[in-house]
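K.L.:
no sequence on this one, just coordinates:
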């Protein structure tokens with residue numbers, strides 16, 4: 001995808017990434033503007049699906065109300081690293097990360113996200 005815009009879409013993890021069990025499709029909120037990226041998950045009590053911050057190479061969880069899973073993605077939407085962060089933490093910038101995917105703690109493992117996983121995003 002070329003220029004990202006704020007909006008909604010579907011995050012897809014291909015069958016091959018999960019051993020052929022049908023793959024996963026997750027609702028995703030795209031935060032591409034400065035304002036949307038700054039807000040992120042602040043002030044929320046949870047998130048349905050995930051939030052994609054783009055461009056981004058690091059995040060923080062100051063003033064957040066819940067722990068989150070964080071996946072750092074490269075320009076091709078390949079997962080570079082996955083971490084769980086508690087509230088009030090500062091994440092280190094990741095080399096070659098161009099996007100950051102956030103979801104409630106524990107959900108990314110259920111989706112099969114790990115370094116090397118390739119994602120696709122279909123916008124609505």
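P.N.:
Cool, the structure landed. On a predicted model such as this, the values are computed, not experimentally measured, just so you know.
K.L.:
Look at the most centrally placed residue in the chain and report its pLDDT.
P.N.:
Central residue of the chain (CA atoms, centre = their mean): residue 101, 1.0 Å from the mean position. Reported pLDDT at residue 101 in the predicted model: 96.
K.L.:
residues in contact with the closest residue in space to it that isn't next to it in sequence?
P.N.:
The shortest distance from residue 101 to any non-neighbouring residue, by CB to CB, 6 or more residues apart in numbering, is to residue 71 (4.2 Å). Bear in mind the C-beta positions are built from the backbone N, C-alpha and C, glycine included. Each residue near residue 71 by CB atoms under 8 Å, 6 or more residues apart in numbering is listed here: 79, 81-82, 100-101, 108, 113.
K.L.:
What values do phi and psi take at the nearest residue to residue 4 once chain neighbours are set aside?
P.N.:
Setting aside the residues directly before and after it, residue 4 is nearest to residue 32 in space (CB to CB, 6+ apart), at 4.0 Å. Here the main-chain torsion angles of residue 32 (degrees, to the nearest 10) amount to phi -110, psi -30.
K.L.:
Report pLDDT for residue 44.
P.N.:
Residue 44 is assigned a predicted lDDT (pLDDT) of 82.
K.L.:
again with residue 20
P.N.:
Looking at residue 20, its pLDDT reads 50.
K.L.:
Identify the element of secondary structure that the residue nearest to residue 101 sits within.
P.N.:
strand 68-73 (DSSP states H and E).
K.L.:
Within the sheet, what are the partner strands of that strand, with directions?
P.N.:
strand 79-85 (antiparallel), strand 99-104 (antiparallel) (DSSP bridges).
K.L.:
So which residues lie in contact with the last one, not counting its own?
P.N.:
Pointing back at strand 99-104 there. Here strand 99-104 has contacts from 11, 26, 28, 40-41, 46-47, 49-59, 66-74, 77, 108, 113, 119, using CB under 8 Å, 6+ apart.
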